[in-house]
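1. Please work out how this folds:
(chains A and B)
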Amino acid sequence: DAKTTQPPSMDCAEGRAANLPCNHSTISGNEYVYWYRQIHSQGPQYIIHGLKNNETNEMASLIITEDRKSSTLILPHATLRDTAVYYCIVLSGYSTLTFGKGTMLLVSP
Amino acid sequence: DGGITQSPKYLFRKEGQNVTLSCEQNLNHDAMYWYRQDPGQGLRLIYYSQIVNDFQKGDIAEGYSVSREKKESFPLTVTSAQKNPTAFYLCASSTSDYRSYGYTFGSGTRLTVV
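-> Next up is the predicted model:
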């Protein structure tokens, strides 16, 4: 499985966009990029996933570079409830979901 | 509503005792998974099952056992052989098509050995 690299922590002001980066330089052609988040003491929550095109849903947008070696998760208007650990994971049909330490996003008033 | 139910939410166990954590899903998912999380760490895979009556070891299977007799259920037993069982345990499930929505997680069981 491709490994991912994320910053350990980030800060964001409430109402501003939160841009969370992820490097996955060894990703292979059949691996999808998934984003999950985990609010303290809860199970991880699915946010969004993509293969090579940019994706958007009601929670976030996912921007994947053309070479697929990195991606950015965008929360367009962060709220206090978005404070969580965000995990970027690459997944193929031959693997299981493997979590790193993720990025701790702190949204402040 | 469909989802995954883990019970109990909190569990206390005396050292040397086996304990079984429950995980039930009504999503009609084929695959189920057990993860362990220690404070400040990511999730680590214990066991997974892609079909009834079959399961595979994950990265940290020692001291744990599972069964998959029904599609809906995937209980995890933490045995006395597990040297450091105090942790947060998470169950998940997924369809056989990983390109859909990935995994759905339960709310977890926090196990404390006293």
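
2. where does B:Ala61 land in three-state SS?
-> coil (DSSP: H, G, I helix; E, B strand; the rest coil).

3. List the contacts of it.
-> Residues in contact with B:Ala61, defined by Cβ atoms under 8 Å, 6 or more residues apart in numbering or on different chains, are B:46-47. Yep, even glycine has a C-beta here, placed from its N, CA and C like the rest.

4. How about B:Gln37: what's its closest non-neighbour residue?
-> B:Phe88 (4.4 Å; Cβ to Cβ, 6 or more residues apart in numbering or on different chains).

5. Can you pull the phi/psi pair for A:Asp82?
-> Phi and psi for A:Asp82, reported as degrees, to the nearest 10, are phi -90, psi 0.

6. Quick one: residues contacting the nearest residue in space to it that is not next to it in sequence.
-> Spatial nearest neighbour of A:Asp82, chain neighbours left out: A:Val107 (5.2 Å); criterion: Cβ to Cβ, 6+ apart. Residues in contact with A:Val107 (Cβ under 8 Å, 6+ apart) are A:11-14, A:18, A:78-83.

7. beta partners of A:Val107?
-> Here A:Val107 sits in beta bridges with A:Cys12, going by DSSP bridges.

8. so the residue positioned nearest the centre of chain B bridges to which residues?
-> Taking Cα atoms, centre = their mean, the centroid of chain B lies closest to B:Trp34, which sits 2.8 Å from it. Taking DSSP bridges as the rule, B:Trp34 bridges to B:Tyr47, B:Cys91.

9. Could you look up the SS state of A:Gln42?
-> Put simply, A:Gln42 is coil when judged by three-state DSSP.

10. is it true that it touches B:Gly108?
-> Yes. A:Gln42 lies in contact with B:Gly108 (Cβ atoms under 8 Å); the separation is 7.0 Å.

11. which one of those two has more residues nearby?
-> Taking other Cβ atoms under 10 Å in any protein chain shown, A:Gln42 and B:Gly108 do not tie; B:Gly108 has more neighbours (22 against 15).

12. Double-check the more buried one against B:Leu76; I have them as touching.
-> No. Under the criterion of Cβ under 8 Å, B:Gly108 is not in contact with B:Leu76, lying 11.9 Å apart.

13. hey, what's in contact with both of the two?
-> In contact with both B:Gly108 and B:Leu76: B:89, B:91, using Cβ under 8 Å, 6+ apart.

14. who's in contact with the closest residue to B:Lys14 other than its chain neighbours?
-> Spatial nearest neighbour of B:Lys14, excluding adjacent residues (Cβ to Cβ, 6+ apart): B:Val114 at 6.2 Å. Contact partners of B:Val114, counting by Cβ under 8 Å, 6+ apart, are B:12-15.

15. now swap in B:Phe88 and tell me
-> By Cβ under 8 Å, 6+ apart, the contact list for B:Phe88 reads A:41, B:36-38, B:108-111.

16. tell me the contacts of A:Thr56?
-> A:Thr56 touches A:48, A:62, counting by Cβ under 8 Å, 6+ apart.

17. List the beta-bridge partners for it.
-> Beta-bridge partners of A:Thr56, as defined by DSSP bridges: A:Ser61.

18. where does chain B dip in pLDDT?
-> Confidence mapping of chain B against pLDDT under 70 gives the ranges B:1-2, B:98-101.

19. Cheers, nothing more for now.
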